[in-house]
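mind folding the following:
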Amino acid sequence: MLGLLECSTLTTGLVVGVVTLLIVKIWQTFQYMRTFKKAGIPGPTPLPFVGNMLPIFWTRGKKLTDVFNEWSKQYGKVYGVFFPTPSIVVADMDLAKDVLVKKFSCFADRNDFPGFSESEVMKDNLLSLKGDHWKHVRNTLSPTFSSNKLKKVFPAMARVAKNLESRLEELARTNEDVDARQLCKCVSMDMIAAVAFGAEVNAINDPDDQFYKHGNNITNRNQKMAALVFTFPWLAKLLALVGITMFPKDDTNYLMGVLAAALADRKLDKQKHSDFLQLLVDAQRAADSGGQGKEQVDSEIDFREDLKTSTRWNRKGLSPSEINANSLLFLFAGYDTVTTVMSLTLFTLAGKPECLQKAQEEIDEKLGDREPTYEDAMNMTYIDMCMNESIRLHMPIFVLRECTEDVDISGVHVPKGYQVMVAAVTFHTDPDIWSDPMTFNPERFTAEERAKRHPFSFMAFGQGPRNCIGMRLAQLEIRMMIAVFLRRFTPVLCEKSQYPPVLDPMTGTPKNGLWIKFEPRNSAQ
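The predicted structure is shown next:
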């Protein structure tokens, strides 16, 4: 009898708890809706717990782009959604400029990304940092992405290019079908290992490489968990209690071990390396000796004056925790993005022979029979146009910011703490900006055509002081490797090819691979 009573009491408690949680969530939803209504911000009606995420996950054959374009048509250029926290969507280019540039001081932070804060090693990553701490780390890291520093890491990229050439020779000789995405994954991981971790990895020719396996495990876990914890932020903390995080311990420990060994090697001055890890160590040494790096990528991201009054963040150099977190962020943020853009560009060119021919003619003209240099890679104009068109056409891009104080932008009131989503994805497919927007046409990105458009009509890497810090490196990697792919070989579609590619509606990643073959170029230089 006592056992039955205890069981009944427990059941009653659970029911009361669930009902209470449901009431609280419904109340919160209506409170947020009242805030939007008071501010005159329209938007789709949310559901408790999931907000407006249902149309995102249950697309019924639509792309994520289609969902936001429909919302923009129905509710205008500014509307409110719940993902599941209240977010104000900005689908207007001038308003986007207000948020990302003119009113940057009110939108300098990003909302906490669920899943990151549960990882001790990721707590000091640039993506999540706020306020003066973000300014300090951004200011310290920015010079490592300058043109001068990119030249220094180019030899590490050239070594990866050599490995890729040997793999392409094998694929062409055997006439083997290959998934361009899988191949580009290996290329991207080898590049990250060389540039960020100072490790010589050859996953291109050895997919069983341990660095590749552990790095790939982390990014795969991130992809699988990101949408889930983004929809249910509280779930990230609950999963962490049972040891499930976005950064699995075994994989993270392996990569941190590689990083620690590389750092120890550099501190002992055994060998001078040409990679970003060496640049960070050099910056740390300069800080320790009282030096001050003067080189900046852009004046708009120089926060030294802002930090002079900060008692905590007016220090020089990076802490070990900041180095670890941002080295891992380099892997997380760069790997899948570079892989997706590189592979989609390559696959699309395989299905567009006229564009492919132009790209190869540019490579022949610039390189002849010599190896590519940093300057060559930076001046691959047509390949850059193809890359940008692939991003515009395939990548669902949003720029997220957190409002740090109540502010009005162009008559729209944004409360403190609310998230602002700049829906670049709607700009990228707007027929008023791009004629026949769903057609691949690199000529949209000639200098003349770009000059005709609003500067915020294309936002591949964000805009303003908090844009993507690794933008120049990512562009360099993609241009360089596309040139290597096309210089001596021609990608062609095969029986397994699904053209145009079938992409995941949320992420833009291919669902069934990007299958192609490589043929030797008869006219290769």
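
could you find the closest non-adjacent residue to Leu356?
Leu349 (4.4 Å; Cβ to Cβ, 6 or more residues apart in numbering). Every residue, glycine included, has its C-beta placed from N, CA and C.

burial measure for the one you found, as a count.
Using other Cβ atoms under 10 Å, Leu349 has 27 other residues around it.

how about Met191, secondary structure?
Here Met191 is recorded as helix under DSSP: H, G, I helix; E, B strand; the rest coil.

surely it meets Val160?
Yes - under the criterion of Cβ atoms under 8 Å, Met191 is in contact with Val160, at a separation of 5.3 Å.

let me see the contact set for the residue nearest to Leu356.
Going by Cβ atoms under 8 Å, 6 or more residues apart in numbering, Leu349 touches 355-356, 359, 386, 486, 491.

what about Lys162, how many neighbours?
Neighbours around Lys162, by other Cβ under 10 Å: 12.

who are the packing partners of the strand or helix carrying it?
Taking DSSP states H and E as the criterion, Lys162 maps to helix 147-174. Counting contacts by 3 or more Cβ pairs under 8 Å, 6 or more residues apart in numbering; DSSP states H and E, helix 147-174 is packed against helix 180-195, helix 276-288, helix 374-378, helix 471-487, strand 489-493, strand 515-520.

in it, what's buried?
Neighbour counts over helix 147-174 (16 or more other Cβ atoms under 10 Å) mark 149-150, 152-154, 156-158, 160-161, 163-165, 167-168, 171-172 as buried.

kindly report the same for stretch 115-126.
115-116, 118-119, 121-122, 124-126.

averaged pLDDT, the helix or strand where Pro55 lies. What do you get?
Assigned by DSSP H and E, Pro55 belongs to helix 54-57. For helix 54-57, mean pLDDT is 78.

any idea how far that helix is from the middle of the chain?
Chain-centre distance of helix 54-57: 21 Å, with Cα atoms, centre = their mean, to the nearest Å.

and what of stretch 47-64?
Here the centre of stretch 47-64 is set off from its chain's centre by 22 Å, with Cα atoms, centre = their mean.

and that stretch, end to end?
Stretch 47-64 has an end-to-end distance of 19 Å (criterion: Cα to Cα, to the nearest Å).

now swap in stretch 487-500 and tell me
Stretch 487-500: ends 24 Å apart by Cα to Cα.

pull out the buried positions in it.
487-491, 493, 497.

please save the CA atoms from stretch 98-110 in PDB.
Written as PDB, here are the backbone C-alpha positions of stretch 98-110 (Å, rounded to 0.1, in the frame of the first residue of the first chain):
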ATOM      1  CA  ASP A  98      21.800  49.800 -39.500                       C
ATOM      2  CA  VAL A  99      22.100  46.600 -37.400                       C
ATOM      3  CA  LEU A 100      25.500  45.400 -38.500                       C
ATOM      4  CA  VAL A 101      27.300  48.700 -39.000                       C
ATOM      5  CA  LYS A 102      25.600  52.000 -38.100                       C
ATOM      6  CA  LYS A 103      24.200  50.700 -34.700                       C
ATOM      7  CA  PHE A 104      26.900  48.100 -34.200                       C
ATOM      8  CA  SER A 105      27.500  49.200 -30.600                       C
ATOM      9  CA  CYS A 106      23.900  48.000 -29.800                       C
ATOM     10  CA  PHE A 107      24.300  44.700 -31.700                       C
ATOM     11  CA  ALA A 108      27.900  43.800 -31.000                       C
ATOM     12  CA  ASP A 109      27.100  40.500 -29.300                       C
ATOM     13  CA  ARG A 110      25.700  37.200 -30.400                       C
END
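
where does pLDDT dip in the stretch 251-400 of the chain?
Within the stretch 251-400 of the chain, the stretches with pLDDT under 70 are 269-272, 274, 283, 286-315.

what are the boundaries of the strands in the protein?
For the chain, applying DSSP state E gives strands covering 78-82, 86-90, 178-179, 399-402, 407-409, 412-414, 419-422, 489-493, 515-520.

coming back round to it: now the residue nearest to Leu356: how far from Leu514?
11 Å (Cβ to Cβ, to the nearest Å).

do Tyr254 as well
Distance from Tyr254 to Leu514, by Cβ to Cβ: 29 Å.

what about the two, which has more around it?
Leu514 (28 against 18).

quick one, what contacts that one?
Neighbour list for Leu514: 179-181, 343-344, 346-347, 497, 501 [criterion: Cβ under 8 Å, 6+ apart].

Arg221: which of the residues you listed is nearest?
Closest approach between those and Arg221, by Cβ to Cβ: Arg181, at 18.0 Å.

contact partners for the closest one?
By Cβ under 8 Å, 6+ apart, the contact list for Arg181 reads 339-340, 343, 509-510, 513-514.

re the thing from before, okay, angle between the helix holding Lys162 and helix 471-487 too, please.
Computed with axes from the mean of the first three to the mean of the last three Cα atoms, to 10 degrees, the direction of helix 147-174 lies at 30 degrees from that of helix 471-487.

just the mean pLDDT for helix 147-174, thanks.
The average pLDDT for helix 147-174 rounds to 94.

same list, the buried residues of stretch 487-500, but as CSV with distance to Phe230 please.
Shown next, in CSV, are those (distance: Cβ to Cβ, whole Å):
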residue, distance to Phe230
Arg487, 40
Arg488, 43
Phe489, 39
Thr490, 40
Pro491, 35
Leu493, 35
Ser497, 32
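
output those residues in CSV; the columns should cover pLDDT.
Formatted as CSV, these follow (pLDDT from 0 to 100):
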residue, pLDDT
Arg487, 97
Arg488, 96
Phe489, 98
Thr490, 98
Pro491, 98
Leu493, 98
Ser497, 96
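
buried stuff in stretch 514-525?
In terms of neighbour count (16+ other Cβ under 10 Å), stretch 514-525 has its buried residues at 514-518, 521.

and what of stretch 434-448?
Neighbour counts over stretch 434-448 (16+ other Cβ under 10 Å) mark 434, 437, 440-442, 444-445 as buried.

now do the most centrally placed residue in the chain against Asp124, distance only.
Compute the mean C-alpha point of the chain, and by Cα atoms, centre = their mean the closest residue is Ala333, 4.6 Å away. Look at Ala333 and Asp124: by Cβ to Cβ, they are 15 Å apart.

before we move on, what about Lys73?
In this view, Lys73 and Asp124 are 42 Å apart by Cβ to Cβ.

can I get the contacts of Leu514 in TSV with distance to Leu329?
As requested, the contacts of Leu514 are arranged in TSV below (distance: Cβ to Cβ, whole Å):
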residue	distance to Leu329
Asp179	27
Ala180	26
Arg181	22
Ser343	22
Leu344	23
Leu346	26
Phe347	27
Ser497	34
Pro501	28
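
tell me the contacts of Ala158?
371-372.

and what of Phe427?
Phe427 makes contacts with 91, 93, 96, 433, 456-459, as judged by Cβ under 8 Å, 6+ apart.

change it to 7 Å
Contacts for Phe427 were tallied using Cβ atoms under 7 Å, 6 or more residues apart in numbering; they are 93, 433, 456-457, 459.
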